[in-house]
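Engineer: Curious how this folds, go ahead:
(one chain, ligands or ions: 1)
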Amino acid sequence: MTETIIILDFGSPSSQQIARRVRAAQVYADLLPWDAPEDLVMAHNPQGFILSGAPRLGFEPGVPILPAYVLQSGRPILGIADGMLALVQALGGEVSFAGGRDDGLEHLSVQHPTCLLQAGDNPQVWASFAGRVEIPPAGFEILASTEGDLIAALGDDARGYYGLQFYPELAQTLAGQQIINRFVREVCRCSGTWTVTSIIERALSQIRTRVGSARVLATVSGGVDSSVATALVSKAVGSQLSAVFVDTGLMRKDEARWVRQAFQADLGANLHCVDAAETFFNNLQGITDPEAKRRIIGETFIRIFETSAHNLGDPPFLVQGTIFPDVIESRAVKQRGVQPVKTHHNVGGLPEKMDFELVEPLRELFKDEVRLVGEALGLPPELVWRQPFPGPGLAVRCLGEVTPARVEKLRQADAIFTEALACAGLLTQDEGGTAQAFAVLLPVKTVGVTGGQRTYDEVIALRAVNTTDFMTADWARLPASLLAGVSERITSEVAGVNRVVYDITGKPPGTIEWE
Ligand code: XMP
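Structural biologist: The predicted structure is shown next:
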């Protein structure tokens, strides 16, 4: 059984980051609601528990409390912020909720070094001030305090119970990863088996158990998740898998070729490429409304997919690239009616009611883990590290009517922009890079002059943003020299474009895509 740490989610916005920190310590972590049924939680045979913070617990009725079975399990527990207060209360200590102060940076002074906190650790932490421990429970020692003499960390080494008034999962807590490493590796005694190799082995065996000797169908679009899921299933069941690649004619330069190349070697004759560009363009003729475009593309895709599945003898299993954040989000929606943070764009998606059983080999993985698995499986880096690309493809970046000529114009401009960013090392999400960058073709013509001749041509807008969650975004401050070079190349190399503008709108009030 995989070593597991269970994070009981008390509602903190950073709960997923705790799971990422535990995974970075090479230990599998699952994130479950604080009131998840005991049998579901204990079925994981957790080596330890982490209690997340909460937006604000206070004493109001109905606030999350520490379930009794967690204490009865005898496993180590790390309570973070309000999670610590819940632990202290459950063990008979006293807490108070002053409120009033926002969370913020503090400096920790370690009074009592333990295996969790050490005197030489970087002292900067991001602390919570919503509540405080007044009297620690019996058996606990104060491990560290902040400058205002607040208890910042306390623990009971004998039972492996610890509480932190600060968030080790946040980047502002500079020793955060070390603290999590020590909790899971030293306190919970996990040996660290969650590695890319073990993730792949586990996924392969789960896929084989699930599908047996049945046939499996996958769709590949070049998206990271669906590609890695397909590659895993292909490795697990070989020729039982057939994959359908629908070339919509709305992909970026060279993308369709990459997808073919990436899968041809492994899937061979089981890769079915459908050249559907003509059908998509016919169906989109005369359509300019963004929602109508999405609907038409979605429906066209479904029809083509259904025909392909039927031609392949309707395999009973279908591969889906669902990843861990999607699973957590839908669990929250199901359990508490929480509205999803992300709007899911149902485009390029599949019908809601399907006669397939799903194979979802990435359900336990974060995006960065998916990428590492993809790399380890030998998928090309362009595919594994690519920036997000919307399901409806270039159609929602080709404002106005979507014709083959206009999409080609956009594709060329987009390739010039992306190439310049890649050369400057700005196509990655690292510090100073861009999370998403692309060109948009506008449905307006402007007057220009080329070689002394009047022109009346279309406009390209360049969009580049920095974001981590794609829910909010800031426009990227790209070097003026890069923008100048891109503008020069687009206006001279792309026929029918005589003007280039740069989008300096954040999200909100803009969205990342223009449609
Ligand atoms: P917006 O434009 O809503 O985009 O700020 C947020 C993120 O979602 C992507 N996006 C889509 N993805 N189908 C998709 O699969 C769509 O219809 C769609 N629309 C936007 C967008 O590229 C950005 O990463």
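Engineer: all contacts plus neighbour counts: C-alpha atoms, from now on.
Structural biologist: Noted.
Engineer: quick check, Ala203 in a strand?
Structural biologist: No: residue state for Ala203 (DSSP: H, G, I helix; E, B strand; the rest coil) corresponds to helix; a strand is not indicated.
Engineer: contacting residues around it?
Structural biologist: Residues counted as contacts of Ala203 (Cα atoms under 8 Å, 6 or more residues apart in numbering) are Leu232, Pro361.
Engineer: and with 6 Å instead?
Structural biologist: The contact partners of Ala203, by Cα atoms under 6 Å, 6 or more residues apart in numbering, come to Pro361.
Engineer: what helix or strand does the nearest residue to Val184 once chain neighbours are set aside sit in?
Structural biologist: Nearest residue to Val184 in three dimensions, chain neighbours excluded: Cys190, at 5.9 Å (Cα to Cα, 6 or more residues apart in numbering). Of the helices and strands defined by DSSP states H and E, none includes Cys190.
Engineer: For Cys190, give me the backbone phi and psi.
Structural biologist: Note on Cys190: its backbone torsions stand at phi -80, psi 140 [degrees, to the nearest 10].
Engineer: quick one: secondary structure of Glu329?
Structural biologist: Following three-state DSSP, Glu329 is assigned to helix.
Engineer: and it, how many neighbours does it have?
Structural biologist: When neighbours are defined as other Cα atoms under 10 Å, Glu329 has 15 of them.
Engineer: Just the pLDDT at the residue nearest to the spatial centre of the chain, thanks.
Structural biologist: Centroid-nearest residue in the chain: Lys367, 4.8 Å away (criterion: Cα atoms, centre = their mean). With respect to pLDDT, Lys367 scores 90.
Engineer: hang on, the earlier thing: please tell me how far the residue nearest to Val184 sits from Val237.
Structural biologist: Separation of Cys190 from Val237 (Cα to Cα, to the nearest Å): 31 Å.
Engineer: out of the two, which sits in the busier spot?
Structural biologist: Counted by other Cα under 10 Å, Cys190 and Val237 do not tie: Cys190 has more neighbours, with 22 against 19.
Engineer: Could you check how far that one is from Pro390?
Structural biologist: The value you get for Cys190 to Pro390, if Cα to Cα is used, is 40 Å.
Engineer: swap in Gly286?
Structural biologist: Going from Gly286 to Pro390 by Cα to Cα gives 21 Å.
Engineer: Same question for Ala81.
Structural biologist: In this view, Ala81 and Pro390 are 38 Å apart by Cα to Cα.
Engineer: Have a look at the two and say which one is more surrounded.
Structural biologist: Neighbour count, other Cα under 10 Å: between Ala81 and Pro390, Ala81 has more, with 31 against 16.
Engineer: For the stretch 101-250 of the chain, which residue gets nearest to the ligand?
Structural biologist: At 9.0 Å from the ligand, Gly223 is the closest residue in the stretch 101-250 of the chain, using Cα to the nearest ligand atom.
Engineer: give me the number of residues near that residue?
Structural biologist: Other residues lying near Gly223 total 19 when counted by other Cα under 10 Å.
Engineer: So Leu108, which state does it fall into?
Structural biologist: Under three-state DSSP, the three-state class of Leu108 is strand.
Engineer: list the buried ones in stretch 166-178?
Structural biologist: By 16 or more other Cα atoms under 10 Å, the buried positions in stretch 166-178 come out as Phe166, Tyr167, Pro168, Glu169, Leu170, Gln172, Thr173, Leu174, Ala175, Gly176, Gln177, Gln178.
Engineer: Just give me how far the one helix or strand Ala218 maps to sits from the chain centre.
Structural biologist: If you go by DSSP H and E, Ala218 is part of strand 216-220. Strand 216-220 sits 22 Å away from the centroid of its parent chain (Cα atoms, centre = their mean, to the nearest Å).
Engineer: got the residues of the stretch 401-515 of the chain near the ligand?
Structural biologist: Residues of the stretch 401-515 of the chain lying close to the ligand by Cα under 6 Å from any ligand atom are Phe470, Thr511, Ile512, Glu513.
Engineer: how many neighbours does the first one have?
Structural biologist: Spelled out, it's Phe470. Phe470 has 16 nearby residues by other Cα under 10 Å.
Engineer: And for the third one?
Structural biologist: Taking other Cα under 10 Å as the neighbour definition, Ile512 ends up with a count of 24.
Engineer: Look up phi and psi at it.
Structural biologist: Ile512 adopts backbone torsions of phi -70, psi -50, taken as degrees, to the nearest 10.
Engineer: how close does Gly313 get to Ala214?
Structural biologist: Applying Cα to Cα, the value for Gly313 to Ala214 is 12 Å.
Engineer: With Thr173 instead?
Structural biologist: Here Thr173 is placed at a distance of 49 Å from Ala214 (Cα to Cα).
Engineer: And Ile490, by the same measure?
Structural biologist: Distance of Ile490 to Ala214, given as Cα to Cα: 50 Å.
Engineer: Next: Pro380.
Structural biologist: Distance, Pro380 to Ala214, using Cα to Cα: 28 Å.
Engineer: Leu105 now?
Structural biologist: Leu105 sits 55 Å away from Ala214, taking Cα to Cα as the criterion.
Engineer: repeat for Glu134
Structural biologist: Going from Glu134 to Ala214 by Cα to Cα gives 61 Å.
Engineer: Also Arg23?
Structural biologist: 33 Å.
Engineer: Which one's more surrounded, these two?
Structural biologist: It is Arg23, of Arg23 and Ala214, that has more neighbours when counted by other Cα under 10 Å, with 25 against 13.
Engineer: Now do the more buried one, the pLDDT please.
Structural biologist: So, for Arg23, pLDDT stands at 96.
Engineer: What sits closest to it if chain neighbours are left out?
Structural biologist: The shortest distance from Arg23 to any non-neighbouring residue, by Cα to Cα, 6+ apart, is to Ala29 (6.3 Å).
Engineer: pull the helix or strand with minimum mean pLDDT from the protein.
Structural biologist: Ranked by mean pLDDT, DSSP states H and E, the weakest helix or strand in the chain is helix 324-336, scoring a mean of 75.
Engineer: Adjacent strands (with direction) for the helix or strand following that one?
Structural biologist: Next in sequence after helix 324-336, counting helices and strands by DSSP H and E, comes strand 357-359. According to DSSP bridges, strand 357-359 has the following sheet partners: strand 317-319 (parallel).
Engineer: what is the mean pLDDT for the strand it pairs with?
Structural biologist: Computed over strand 317-319, the average pLDDT equals 96.
Engineer: Need the contact partners of that strand.
Structural biologist: So strand 317-319 is contacted by Val216, Leu217, Ala218, Phe356, Glu357, Leu358, Val359, Glu360 (Cα under 6 Å, 6+ apart).
Engineer: restrict those to those near the ligand?
Structural biologist: Filtering the contacts of strand 317-319 for proximity to the ligand by Cα under 6 Å from any ligand atom leaves nothing.
Engineer: of the residues you listed, buried ones?
Structural biologist: Here the buried ones among the contacts of strand 317-319, as counted with 16+ other Cα under 10 Å, turn out to be Val216, Leu217, Ala218, Leu358, Val359, Glu360.
Engineer: Between those, which sits nearest Arg159?
Structural biologist: Checking the buried ones among the contacts of strand 317-319 against Arg159 by Cα to Cα gives Glu360 as the nearest, at 37.8 Å.
Engineer: what's near enough to touch the closest one?
Structural biologist: Counting by Cα under 6 Å, 6+ apart, Glu360 touches Val319, Gln320.
Engineer: likewise Gln47?
Structural biologist: Counting by Cα under 6 Å, 6+ apart, Gln47 touches Thr4, Ile5, Cys188.
Engineer: OK, contacts around the spatially closest residue to Leu241 that is not a sequence neighbour?
Structural biologist: Nearest in space to Leu241, with sequence neighbours left out and distances taken as Cα to Cα, 6+ apart, is Val216 at 4.7 Å. With contact taken as Cα under 6 Å, 6+ apart, Val216 is in contact with Leu241, Pro315, Phe317, Leu318.
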